[in-house]
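J.: Structural data only, the sequence is not supplied:
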Ligand SMILES: Nc1ncnc2c1ncn2[C@@H]1O[C@H](COP(=O)(O)OP(=O)(O)OP(=O)(O)O)[C@@H](O)[C@H]1O
């Protein structure tokens, strides 16, 4: 998914048995409302050809902080940023999915609302993370195919007394037009 697109899915659960949640607007207890992760991608060939170098000096061992170094006017600036999780350039698709998306899809299957979106400048890796270079390949597929598979596996394995409705809609915002 590029930053110009937004996919929205809704799951309506009609529970004829016991144990369903009535309030679809509150997160499950013990889970934070918003989780923000930051992923770095490797330099591409074009960037390497133009003498590009990594701006990231240090990934903190706690996997939550990163130090960015920038040079300007002979001055070196170091800034540390902290997120719920920082993924370095060697992070796998499954690691990112487990941290950033799996808890959301788990709670959606319990009847809560959830959203996962990628934000970043062009070429930063949104499509790679959300869609993946090959959606059929179990290793390289991104968040969206993993979430879709999880949803349909869960539906298939759930009680026949539960009825599910899955809806998908998509829109593109490009040059300030929807
Ligand atoms: N984690 C990664 N590891 C290896 N390559 C990556 C990674 N993330 C992105 N890339 C590569 O970087 C390039 C740009 O990534 P991508 O197309 O996902 O960016 P984007 O943010 O979706 O860009 P746009 O907003 O222009 O659609 C692609 O060639 C992609 O394969």
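T.: Now that the structure is in, tell me what you want to look at. In this text, all values refer to a predicted model and were calculated from it rather than measured experimentally.

J.: Strands of the protein, start to end?
T.: Under the criterion DSSP state E, the chain carries strands at the ranges 5-15, 37-39, 56-59, 65-72, 75-82, 85-87, 162-172.

J.: Close to the ligand: what parts of this protein are there?
T.: Residues of the chain found near the ligand (Cβ under 6 Å from any ligand atom) are 2-3, 41-42, 44, 120, 122-128, 133. Bear in mind the C-beta positions are built from the backbone N, C-alpha and C, glycine included.

J.: Which residue in those has the weakest pLDDT?
T.: Within those, residue 3 has the lowest pLDDT, namely 36.

J.: picking that back up, just the buried ones among the residues of the chain next to the ligand, please.
T.: Neighbour counting with 16 or more other Cβ atoms under 10 Å marks 3, 41, 125-128 as buried within these.

J.: Report back the residue of the protein that's furthest from centre.
T.: residue 74 (37.1 Å; Cα atoms, centre = their mean).

J.: Would you mind measuring from it to residue 67?
T.: Distance, residue 74 to residue 67, using Cβ to Cβ, to the nearest Å: 20 Å.

J.: can you list the weak-confidence ranges in this structure?
T.: Applying pLDDT under 70 to the chain flags residues 1-32.

J.: What's the biggest helix in it, counting residues?
T.: helix 143-157 (DSSP state H).

J.: So what pairs up with residue 164 in the strands?
T.: When bridges are called by DSSP bridges, residue 164 pairs up with residue 13.

J.: if I look at it, how far off is residue 154?
T.: On the measure of Cβ to Cβ, residue 164 and residue 154 end up 9 Å apart.

J.: One more: residue 94?
T.: Applying Cβ to Cβ, the value for residue 94 to residue 154 is 18 Å.

J.: count of residues packed around the closest residue to residue 158 other than its chain neighbours?
T.: Distances taken as Cβ to Cβ, 6 or more residues apart in numbering place residue 164 nearest to residue 158, at 7.7 Å, with adjacent residues excluded. If you count neighbours by other Cβ atoms under 10 Å, residue 164 ends up with 16.
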